[in-house]
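S.K.: sequence isn't available, so here's the structure alone:
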């Protein structure tokens, strides 16, 4: 238990969206039972107002004749027939209210979260049969909070119902003397009044419980720093692996670039730092940069160029400008056309002289 408490204390970081999505997929959602109860009570009140007349008529029709002539019904098939007819009337009368209850309960559950299809809550887990975990579930802080919340809810709603009934005590005393047709009307009015008061109070209870359940759920989903690091590695990749992949990509690009140096027309250099390899052939709209580098890479480009007799022209301002503005396998910018044309022209004249 001490280890679990320590682990919970270490969960100081807010959960990531991935953590919340995984909890939802497992069926762990912030759900308030009070919200569902509120909708069920609202459905009951709606059913009482909408179907009370129809329900009362069906109940009276099914039960009045039976009770009025109960002494004349003999045992046997006749008795069973009368009972069956009365039961059918009662079921027909209660079908609409129960249908409204069912729809209200589904709405109360669905309004809190989208429908989920998962078997995770049904999967057997060893911690569920662990006596220590079971003791914590029964006598833990969450259980105590739910117990206190239930007592407080019962006390408040009970006090409200008692206050309403006490104010209607004179009216209630006359119910036993009323005819059945008037009795249903009085009971309906009294029920609607009770339900209205309970719903008004239960609305605030449900909102408060929903906020508490949301807070409690987020608290349970908190993560340790180690969990966040592990999740980052899983989603973004290990920094070591990413660095290795980046290094491999750089090496491959460098090999492709060095392989293109022998095809260059000229290498424009700053003798100590920069080297830019340009390729130009007749019919091309503009020269293309096939390789560039700084310091050690620039030295390798110059060495590769000497091995394949590629002309090297020293022009420090142009070399720096080209290195800063042109990318590999891209045409040089327009502002460098004149300077590069002069260099390439010089190289072509030099080749003609040698020929």
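M.R.: Ah, there it is. Remember, predicted model here, so these are calculated numbers, not experimental data.
S.K.: and stretch 23-35, average pLDDT?
M.R.: Averaged across stretch 23-35, pLDDT comes to 78.
S.K.: residues contacting the nearest residue to residue 278 once chain neighbours are set aside?
M.R.: Counting by CB to CB, 6 or more residues apart in numbering, residue 278 lies nearest to residue 287, which is 4.6 Å off, once chain neighbours are set aside. Bear in mind the C-beta positions are built from the backbone N, C-alpha and C, glycine included. Going by CB atoms under 8 Å, 6 or more residues apart in numbering, residue 287 touches 265, 278-280, 331-332, 340, 344.
S.K.: ok, 10 Å please
M.R.: Residues near residue 287 by CB atoms under 10 Å, 6 or more residues apart in numbering: 264-266, 268, 278-281, 322, 326, 331-332, 336-337, 340-341, 343-344.
S.K.: so where's the stretch 51-200 of the chain shaky on pLDDT?
M.R.: Regions of the stretch 51-200 of the chain meeting the criterion pLDDT under 70 cover residues 51-87, 89-90, 92-94, 114-140, 176, 180-181, 184.
S.K.: all helices for it, in order.
M.R.: Using DSSP state H, counting those that start in this stretch, the helices of the stretch 51-200 of the chain run over 77-110, 131-139, 141-167, 169-173, 180-220.
S.K.: please tell me how far the residue nearest to residue 278 sits from residue 326.
M.R.: Counting by CB to CB, to the nearest Å, the gap from residue 287 to residue 326 is 9 Å.
S.K.: quick one, domains of this protein?
M.R.: 29-114+126-220, 259-354 (automatic domain parsing).
S.K.: winner for burial among the ones you listed?
M.R.: domain 259-354 (a mean of 16; mean count of other CB atoms under 10 Å).
S.K.: thinking again about what came up before, what is in contact with residue 287 and residue 326 at once?
M.R.: 278, 332, 336, 340.
S.K.: restricted to helices, list those residues.
M.R.: residue 340 (DSSP state H).
S.K.: JSON lines for the shared contacts of residue 287 and residue 326, including distance to residue 23 and pLDDT?
M.R.: Below are the shared contacts of residue 287 and residue 326 laid out as JSON lines (distance: CB to CB, whole Å; pLDDT from 0 to 100):
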{"residue": "278", "distance to residue 23": "58", "pLDDT": "90"}
{"residue": "332", "distance to residue 23": "55", "pLDDT": "87"}
{"residue": "336", "distance to residue 23": "58", "pLDDT": "86"}
{"residue": "340", "distance to residue 23": "61", "pLDDT": "88"}
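S.K.: quick one on the thing from earlier: adding distance to residue 10, write the domains of the chain out as a markdown table.
M.R.: As requested, the domains of the chain are arranged in a markdown table below (distance: least, CB to CB, whole Å):
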| stretch | distance to residue 10 |
| --- | --- |
| domain 29-114+126-220 | 13 |
| domain 259-354 | 47 |
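S.K.: can you pull out the helices in the stretch 201-350 of the chain?
M.R.: Under DSSP H, counting those that start in this stretch, the stretch 201-350 of the chain gives helices at 225-236, 239-260, 296-307, 316-325, 337-354.
S.K.: ok, which of those comes nearest residue 216?
M.R.: Nearest to residue 216 among these is helix 225-236 (19.2 Å), distances taken as CB to CB.
S.K.: in the closest one, what counts as buried?
M.R.: 227, 231 (16 or more other CB atoms under 10 Å).
S.K.: who touches that helix?
M.R.: Under CB under 10 Å, 6+ apart, the answer for helix 225-236 is 10-16, 18-19, 22, 223-224, 238-242.
S.K.: so residue 156 sits against residue 205, correct?
M.R.: Yes: Residue 156 lies in contact with residue 205 (CB atoms under 10 Å); the separation is 7.5 Å.
S.K.: any residues in contact with both of the two?
M.R.: Common neighbours of residue 156 and residue 205, counting by CB under 10 Å, 6+ apart, are residue 198.
S.K.: distance check, residue 160 against residue 195.
M.R.: 11 Å.
S.K.: find the residues that touch each one of these two.
M.R.: Both residue 160 and residue 195 are in contact with residue 202, where contact means CB under 10 Å, 6+ apart.
S.K.: and residue 267, what's its pLDDT?
M.R.: Value for residue 267, per-residue pLDDT: 90.
S.K.: can I assume it is in contact with residue 319?
M.R.: Yes: contact status for residue 267 versus residue 319: in contact at 9.1 Å, counting by CB under 10 Å.
S.K.: could you pull up the residues touching residue 278?
M.R.: Contacts for residue 278 (CB under 10 Å, 6+ apart) come out as 264-268, 286-292, 313, 322, 326, 331-332, 336, 340, 343-344, 347.
S.K.: just list whatever residues bridge to it.
M.R.: Per DSSP bridges, residues listed as beta-bridge partners of residue 278: residue 266, residue 289.
S.K.: could you check how far it is from residue 338?
M.R.: On the measure of CB to CB, residue 278 and residue 338 end up 14 Å apart.
S.K.: and what of residue 258?
M.R.: Residue 258 is 29 Å from residue 338, by CB to CB.
S.K.: phi first, then psi, for the closest residue to residue 214 other than its chain neighbours.
M.R.: In this structure, residue 214 finds its nearest non-sequential neighbour in residue 30, 4.5 Å apart by CB to CB, 6+ apart. Backbone torsions of residue 30, given as degrees, to the nearest 10, read phi -80, psi 100.
S.K.: cool, thanks, talk later.
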